[in-house]
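Q: generate a structure from the sequence data that follows.
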Amino acid sequence: MKAKVWADLKRTASLATAVIVLLLGQGCAGTPAGAPPPEEAQPPEFTDEYRVGVGDSLTIDVWRNPDLSVSVPVRPDGRISMPLLGDVDVGGKTPQSVGAEIERQLADYIRDPKVSVIVGGVGSAEYLTRVRVTGAVQQPLSIPYRPGMTILDLILEAGGVTEFANANSTRLFRTGEEPRSVKLRSIMELGDLSTNFQLRPGDVVTVPESAF
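A: Model prediction:
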C-alpha cells in the first residue's frame, strides 16, 4: 500500500515538473528567452535651420515703419528688393540673419530699426530637401531626402559606381562643414560601414574618377 502511494506521489511530482518546464520554455507572450527587445522607431531627422532660397516669399516687417514693410519674392539671383535699400542679398541665409542684415543697413536711415522676417511661400524647399550624387556613378541623381538615408543608399539608387571610379576617394559635401572622406570601396566590397554616414537634406556626394 505504501509503495503504491509513493509511486503515485512520484508521478504527480514528475507531471508538475513537466508543466513548469513547458511554461518557462514558452516565455512571455511567445518571446524566445534571451531575445533582444524590438528597436524603437527613430524619429525623422530635420534640418537645424531653414535657409532662404530662390522662389521663397519673404514678409519683411519693419517695426513702426509700415512704408518699409514689404512682402517680396526671392529672385533667381538670390536677392530681394527693399525700399530705401534696393537689392538685399538673402539667398542661403537664415531668416534671422536676413533680419539682422536689413537692420544693419536700415540703421543708416532710421533710428534703432527692428526687423522680423517670415518665410511665407516656400518655393525652394524642393531643392533644399534633396540629396545629390555626382561623378563616376552609373546615373548622377538629385532625389528627395528620406529620413535614415545613408551614403550607400544613395549610391545604390544611382546604380552603383562606374569601372573608372576611384571609390575610396569619395567625398561628402555638407553646408557649413568641412568635406568628409568616404571610403566607398571599403563600404561596398568589405562591409566597412565606418564612413557610411547618414545623409542630411542638401548633402552632395561626389565620386571621382581614377587618374589612371
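Q: mind checking how far the closest residue to residue 211 other than its chain neighbours is from residue 208?
A: Nearest in space to residue 211, with sequence neighbours left out and distances taken as CB to CB, 6 or more residues apart in numbering, is residue 166 at 7.4 Å. C-betas here are computed from N, CA, C, even on glycine. The spacing between residue 166 and residue 208, counted by CB to CB, to the nearest Å, is 5 Å.
Q: what do those two both touch?
A: Residues touching both residue 166 and residue 208 (CB atoms under 8 Å, 6 or more residues apart in numbering) are residue 136.
Q: shouldn't residue 200 be in contact with residue 174?
A: Yes: the pair formed by residue 200 and residue 174 meets the contact definition of CB atoms under 8 Å, at 6.4 Å.
Q: which parts of the protein are strands?
A: Remark: strands assigned in the chain by DSSP state E are 57-62, 70-73, 79-82, 86-89, 115-119, 130-135, 141-144, 170-173, 180-182, 204-207.
Q: those into CSV, with extra columns for mean pLDDT, distance to residue 49 and mean neighbour count?
A: CSV is the format used below for the strands of the chain (pLDDT from 0 to 100; distance: least, CB to CB, whole Å; neighbours: other CB atoms under 10 Å):
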stretch, mean pLDDT, distance to residue 49, mean neighbour count
strand 57-62, 93, 15, 19
strand 70-73, 91, 21, 15
strand 79-82, 92, 19, 19
strand 86-89, 94, 17, 13
strand 115-119, 92, 12, 18
strand 130-135, 90, 17, 19
strand 141-144, 87, 19, 13
strand 170-173, 95, 17, 19
strand 180-182, 97, 20, 17
strand 204-207, 94, 18, 22
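Q: residue 98: neighbour count?
A: By the criterion of other CB atoms under 10 Å, residue 98 has 23 neighbours.
Q: got it, and residue 137?
A: When neighbours are counted by other CB under 10 Å, residue 137 comes out with 23.
Q: name the nearest residue to it, sequence neighbours excluded.
A: residue 158 (4.1 Å).
Q: gap between the one you found and residue 198?
A: Plainly put, residue 158 is 17 Å away from residue 198 if you go by CB to CB.
Q: ok, those two, which is more surrounded?
A: residue 158 (20 against 12).
Q: pLDDT score for the more buried one?
A: pLDDT recorded at residue 158 is 95.
Q: got a list of what residue 69 touches?
A: Residue 69 touches 59, 60, 61, 62, counting by CB under 8 Å, 6+ apart.
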